[in-house]
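1. A structural model of the following input is requested.
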Amino acid sequence: MPKIISKSAPHLRRPNASVTRMMRDVVIALLPLTMFAIYKFGMNAVWILLVGIISMVATEYLYYQVMDLLDGEKLVLRNKRFTLYNYSAMTSGLIYSLTLPDNTPLFVVFIGGALGMFLAKLVFGGMGQNIFNVAGVARVLVVINFGTLVSYDIDSVAGATALQMLSENAFNPAVLDSFSLLNLFTGMGIPGSIGEVSTLLIILGGIYLAFRTSFEVRIPLVYIGTVFVLTSLVAIVEGIGLWYPFYHIFSGGLMFGAVFMATDPITSPITKPARVYFGFALGFITVIIRLFGAYPEGVVFAILIMNMFVPTFDYYKWTHSKFTRKRNLIFASVVLVSMLVVLVGVLYA
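-> Numbering: from 1, shown residues only. Got it, this is the predicted structure:
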């Protein structure tokens, strides 16, 4: 009988890969975004980044120290379960911080980070046991509990980010007068969360991770491609130009979430087909929330919703490592039904 090996996520398939290497690569890929955030938002970004990272790192460290004391172990400064040494906690804190607006109160940043680390990771048993993206949970906690305290510092258009304007003006191309596609792509002159405004730098980070094989490239490609196809269908139905799908892709947290959050190796499926299905579901849910929901964004909610179904994708009785004609036909049918749902929703909303 073959030996059965039980191991917590992330499940690495490259012989020389390690959690430390992957997390370090993510931090490197985020450096251009981090520097751009500091350049654009100044000391506000610096403090948010520091407090966000410290909140998660300190929460994890204190939690494991307390647990060791409760287990009767001797207190040591270098706790063996503390994940600062493999960049895991720091990476989660950095990603979380980059999803916040530049004027987020620091006490909100700290509370969101601490609760996100505790509720999304530590209560599940630590690294490899969590089913939800840690940074995503922290961001949602901030939105739900401190939504009235979190806003964007806007100079050119009072009271609205690019997605908020699109939500309020539906299919009106006049939104391009305030936020051009070029500005959305570069991040110059665009309000929003400190690390999500520059599509160009996010793409550069994604390319680096792809060359380093430190993330699953199928998920962001399918995710973004799904949003593009569905919003292009909307553009055709409404008789507007291709600016509409590109506006959706370049604005909000879509690119950032697709590259740096949806690809989390712990909270995403294992097999290649499952990752394609996962990416498609993310795109569909994001479009549904953006078009028909009261909240103009939708990326973080889509990621957390689909995190719940990852164990289903990986369930051994029906998960498969290869595509087959039958499964391709079923998936194609799901895609067509999803397109029909969006089409009917737009026509009758």
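2. give the next helix or strand downstream of the worst-scoring helix or strand of the chain on mean pLDDT.
-> The helix or strand with the lowest mean pLDDT-type score in the chain, counting by mean pLDDT, DSSP states H and E, is helix 162-169 (a mean of 71). Downstream of helix 162-169, the first helix or strand assigned by DSSP states H and E is helix 175-178.
3. circling back to that earlier point, residues of the least confident helix or strand of the chain that come out buried?
-> For helix 162-169, burial by neighbour count (16 or more other CB atoms under 10 Å) applies to Ala162, Leu163, Gln164, Met165, Leu166, Ser167. No exception for glycine: its C-beta is placed from N, CA and C like everyone else's.
4. do the same with stretch 106-115
-> Using 16+ other CB under 10 Å as the test for burial, stretch 106-115 gives Val108, Val109, Phe110, Ile111, Gly112, Gly113, Ala114, Leu115.
5. secondary structure, distance to Pro32 and pLDDT added to the residues you listed, as a markdown table?
-> Listed next are those as a markdown table, based on DSSP: H, G, I helix; E, B strand; the rest coil; distance: CB to CB, whole Å; pLDDT from 0 to 100:
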| residue | secondary structure | distance to Pro32 | pLDDT |
| --- | --- | --- | --- |
| Val108 | helix | 26 | 95 |
| Val109 | helix | 22 | 96 |
| Phe110 | helix | 26 | 97 |
| Ile111 | helix | 28 | 96 |
| Gly112 | helix | 24 | 96 |
| Gly113 | helix | 22 | 96 |
| Ala114 | helix | 27 | 96 |
| Leu115 | helix | 29 | 95 |
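6. out of those, who's nearest Thr263?
-> Among the buried residues of stretch 106-115, Gly113 lies closest to Thr263 (CB to CB), at 20.7 Å.
7. isn't the closest one right up against Ser55?
-> Yes. Counting by CB atoms under 8 Å, Gly113 does reach Ser55; the two are 3.0 Å apart.
8. need the overlap of contacts for the two.
-> Both Gly113 and Ser55 are in contact with Gly93, where contact means CB atoms under 8 Å, 6 or more residues apart in numbering.
9. thinking again about what came up before, which of the buried residues of helix 162-169 lies closest to Val123?
-> Nearest member of the buried residues of helix 162-169 to Val123, counting by CB to CB, is Leu163, at 32.0 Å.
10. residue contacts, that closest one?
-> Applying CB under 8 Å, 6+ apart to Leu163 gives the contacts Ser251, Gly252, Arg290, Pro296, Glu297.
11. just flag the most distant two among the buried residues of helix 162-169.
-> Pairwise over those, using CB to CB, the maximum falls at Ala162 and Ser167, 9.8 Å.
12. give me the number of residues near Gly241?
-> 12 (other CB atoms under 10 Å).
13. typo on my end, Leu282
-> 29.
14. next up, the contacts around it.
-> Per CB under 8 Å, 6+ apart, neighbours of Leu282: Ile219, Tyr223, Thr226, Ala258, Ala262, Ala302, Ile303, Met306.
15. what pLDDT does the fourth one get?
-> pLDDT recorded at Ala258 is 94.
16. what's the answer for the last one, then?
-> At Met306, the model reports a pLDDT of 95.
17. what angle sits between the helix or strand it falls within and helix 162-169?
-> Assigned by DSSP H and E, Met306 belongs to helix 299-307. If you take axes from the mean of the first three to the mean of the last three CA atoms, to 10 degrees, helix 299-307 sits at 90 degrees to helix 162-169.
18. what does the helix or strand that helix 299-307 is followed by rub up against?
-> Downstream of helix 299-307, the first helix or strand assigned by DSSP H and E is helix 310-313. Helix 310-313 is touched from outside by Ile131, Thr267, Ser268, Pro269, Ile270, Thr271, Ala274, Tyr277, Phe278, Thr319, with contacts defined as CB under 8 Å, 6+ apart.
19. how about 10 Å then?
-> By CB atoms under 10 Å, 6 or more residues apart in numbering, the list of residues contacting helix 310-313 from outside reads 9, 131-132, 264, 266-271, 273-275, 277-278, 281, 306, 318-319.
20. which ones among the residues you listed are found in helices?
-> Under the assignment DSSP state H, those contribute Pro273, Ala274, Arg275, Tyr277, Phe278, Ala281, Met306 to helices.
21. let me know the closest of the residues you listed to Val342.
-> For the ones in helices among the contacts of helix 310-313, the nearest to Val342 is Ala281 (13.6 Å; CB to CB).
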